[in-house]
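this one's structure only:
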């Protein structure tokens with residue numbers, strides 16, 4: 001029996017209310033708008049459904065991949081022979097935490113919504129996340145950040161499902177945060193269920209103005225009008241990726257529908273009809289050119305799926 005036949009059987013028997021789609025294009029679920037069909041895509045409505053589904057997926061060899069807004073993913077043109085689990089439809093609980101000045105957010109909560117909620121509560125500290133297009137789970141996994149802020153500064157704890165160990169709640173100092181890294185970078189099988197962020201009381205209008213200012217800076221400097229995965233490369237130590245790429249004359253470099261943005265060289269964008277192969281060709285060319293010119297090897301920040 002094929003893995004997806006076995007999984008379908010378990011879902012019919014034990015999770016009859018779970019929404020599952022066959023051969024769902026990944027291009028509909030990534031901000032790059034690139035990627036072929038996932039053999040199965042499921043949309044759990046609760047943490048309980050997600051935990052049970054992950055158990056079944058492991059038993060069936062479904063190689064489960066949990067995604068949020070898909071803002072840091074590049075999916076292959078041929079698709080994914082695995083189970084993709086999209087948490088953005090059902091795992092979006094957002095509420096004031098039990099302790100003062102804290103917020104509890106499930107993994108599918110968009111960061112913009114988290115920042116807006118904090119603002120309404122008069123809590124400051126997460127304004128930097130307002131313009132980041134991802135969701136909370138992915139942000140914790142990669143220690144997302146912008147404009148001097150990062151998740152490391154605000155995550156008090158995260159509750160994570162480790163398939164071989166069960167559910168564990170880790171304190172912020174146990175999450176091994178560093179630049180675009182967490183404990184989950186080394187243990188990608190772990191799935192963030194929810195997190196608690198610790199913030200500071202502030203003035204609601206000042207918080208809102210700070211978010212407006214950061215969004216204005218983002219719109220002015222980044223090609224938000226085109227599909228992309230945000231910053232394509234991590235910041236190399238001692239340098240910034242954008243100026244290195246621009247210094248090599250690579251702004252506007254194009255393969256098929258993929259292009260190094262003319263607005264910000266650190267972004268590879270989909271100008272229309274780009275394939276995964278196009279994007280990877282641009283990434284490789286940029287890496288090789290920059291390394292030859294500057295001796296710096298750029299590491300992709302975008303996660304390339306297999």
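Received the coordinates, thanks. Being a predicted model, the structure only gives us computed values, none of them experimental. Numbers count the residues shown, from 1 in each chain.

domain assignment for the chain?
3-86, 94-221, 241-304 (automatic domain parsing).

what's the closest of those domains to residue 228?
domain 241-304 (4.6 Å; Cβ to Cβ). All C-beta atoms are positioned from the backbone trio N, CA, C, and that covers glycine.

tell me the mean pLDDT over that closest one?
For domain 241-304, the mean per-residue pLDDT is 97.

how far does it sit from the chain's center?
With Cα atoms, centre = their mean, to the nearest Å as the basis, domain 241-304 stands 20 Å off its chain's centre.

what's the helix or strand for residue 69?
Per DSSP states H and E: residue 69 is located in neither a helix nor a strand.

isn't it right up against residue 136?
No: contact criterion Cβ atoms under 8 Å: residue 69 and residue 136 do not qualify, at 10.0 Å.

of all the domains of the chain, which lies closest to residue 234?
Closest approach to residue 234 among these (Cβ to Cβ): domain 241-304, 4.6 Å.

count of residues packed around residue 237?
Under the neighbour criterion other Cβ atoms under 10 Å, residue 237 is assigned a count of 7.

which residues in this structure form helices?
Taking DSSP state H as the test, the helices found in the chain are 3-14, 47-60, 111-120, 136-142, 183-186, 204-221, 241-247, 276-294.

pick out the residue nearest the middle of this protein.
residue 138 (4.0 Å; Cα atoms, centre = their mean).

of residue 69 and residue 136, who's got more company?
Higher neighbour count among residue 69 and residue 136: residue 136, with 30 against 23, using other Cβ under 10 Å.

the more buried one and residue 197: what is the separation?
According to Cβ to Cβ, to the nearest Å, residue 136 stands 9 Å off from residue 197.

and for residue 210?
In terms of Cβ to Cβ, residue 210 sits 16 Å off from residue 197.

and the two? Which one has more around it.
residue 197 (26 against 19).

touching, that one and residue 155? I think so.
Yes: assessed by Cβ under 8 Å, residue 197 is found in contact with residue 155 at 5.9 Å.

show me the shaky parts of the protein.
Scanning the chain for pLDDT under 70 picks out no residues.

now for residue 151: which residues touch it?
With contacts defined as Cβ atoms under 8 Å, 6 or more residues apart in numbering, residue 151 is in contact with 129, 139, 140, 143, 144, 145, 177.

and residue 240, by the same measure?
By Cβ under 8 Å, 6+ apart, the neighbours of residue 240 are residue 266.

excluding chain neighbours, what is closest to residue 268?
Distances taken as Cβ to Cβ, 6 or more residues apart in numbering place residue 232 nearest to residue 268, at 4.5 Å, with adjacent residues excluded.

ignore what I typed, I meant residue 224.
residue 218 (6.9 Å).

what's the burial count for that neighbour?
Using other Cβ under 10 Å, residue 218 has 16 neighbouring residues.

same check on the one 4 residues further on?
Other residues near residue 222 come to 19 when the count uses other Cβ under 10 Å.
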